[in-house]
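Engineer: kindly return the folded structure for what I paste below:
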Amino acid sequence: MLNLADIRQEYMHAGLDESDALGDPLAQFAVWFDDAVKAQLPLPNAMSLATISAGGKPASRLVLLKGVDHGGFVFYTNYESRKGREISANSHAALLFGWLALERQVRIEGTLTRVSAQESDDYFATRPLGSRHAAIASPQSDTIANRAVLEARYDEAARNHGDVPPRPAHWGGYRLMPDTIEFWQGRANRLHDRLLFSKTAQGWCISRLAP
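Structural biologist: Below you'll find the predicted structure:
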């Protein structure tokens, strides 16, 4: 039995007031992301991606943010993986950044679409060679007999494709276009600051949520 009741922390790092927040949540995200980078947090671009299966079952995993452009948040994966299949069944998804050393969270909800083939090609070409071979070799989320099978598939991909492996058709990017973005800043006595940006026909509106 784990006893977690005595694990406590007071939140004293900073505050977040409406008057200090930028009107564009993507610009506000860029400021906070830059803070996380400057603080030398490990993997500041790591985010939890939550999806929903066709049967309504939720699932989450960590993926890496690879861009914020055209008004959305971009990551790359295998389209035939579990997450890819779930996205095909239900394009609604949520992202969560947890920059715990800064006592901050960013929650993002919206709709996923695939980025263009050209965008996927361009990004794939920047990946380390081993990662490109791995994208070809790995039947992501499928059951395999053992690690030796995976390594054999990797060796085969490396032999067949050499230094210029093509992007496999089953691998590429998604862009989450946000409907809401919430910025959470820890505060003393659990009276945390929560500013919610909601997208409307007129633009973004900001509201404060109770902690």
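Engineer: where does this protein dip in pLDDT?
Structural biologist: The model of the chain has pLDDT under 70 over residues 1-12.
Engineer: give the bridge partners for the spatially most central residue of the chain, please.
Structural biologist: Closest to where the C-alpha atoms of the chain average out (C-alpha atoms, centre = their mean) is Met47, at 3.8 Å. Here Met47 sits in beta bridges with Val63, going by DSSP bridges.
Engineer: distance of it relative to Pro25?
Structural biologist: 15 Å (C-beta to C-beta, to the nearest Å). C-beta: built from backbone N, CA, C; applies to glycine.
Engineer: show me what the longest strand belonging to the chain is packed against.
Structural biologist: Ranked by residue count, the top strand of the chain under DSSP state E comes out as strand 171-185. Packing partners of strand 171-185 (3 or more C-beta pairs under 8 Å, 6 or more residues apart in numbering; DSSP states H and E): helix 25-38, strand 72-78, strand 104-114, helix 117-126, strand 193-200.
Engineer: just the CA trace of it, in CSV.
Structural biologist: The C-alpha trace of strand 171-185 is given here as CSV (Å, rounded to 0.1, in the frame of the first residue of the first chain):
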residue,chain,number,x,y,z
TRP,A,171,4.2,7.8,-41.1
GLY,A,172,3.5,11.6,-40.9
GLY,A,173,2.2,14.5,-38.9
TYR,A,174,-0.9,15.7,-37.2
ARG,A,175,-1.9,19.2,-36.4
LEU,A,176,-4.3,19.9,-33.5
MET,A,177,-6.3,23.0,-34.0
PRO,A,178,-7.4,24.2,-30.6
ASP,A,179,-10.9,25.1,-29.5
THR,A,180,-9.7,25.8,-25.9
ILE,A,181,-6.4,26.4,-24.2
GLU,A,182,-6.1,26.6,-20.5
PHE,A,183,-3.1,28.1,-18.7
TRP,A,184,-2.7,26.8,-15.1
GLN,A,185,-0.3,28.4,-12.6
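Engineer: now that strand against helix 25-38, angle please.
Structural biologist: Here strand 171-185 runs at an angle of 90 degrees relative to helix 25-38 (axes from the mean of the first three to the mean of the last three C-alpha atoms, to 10 degrees).
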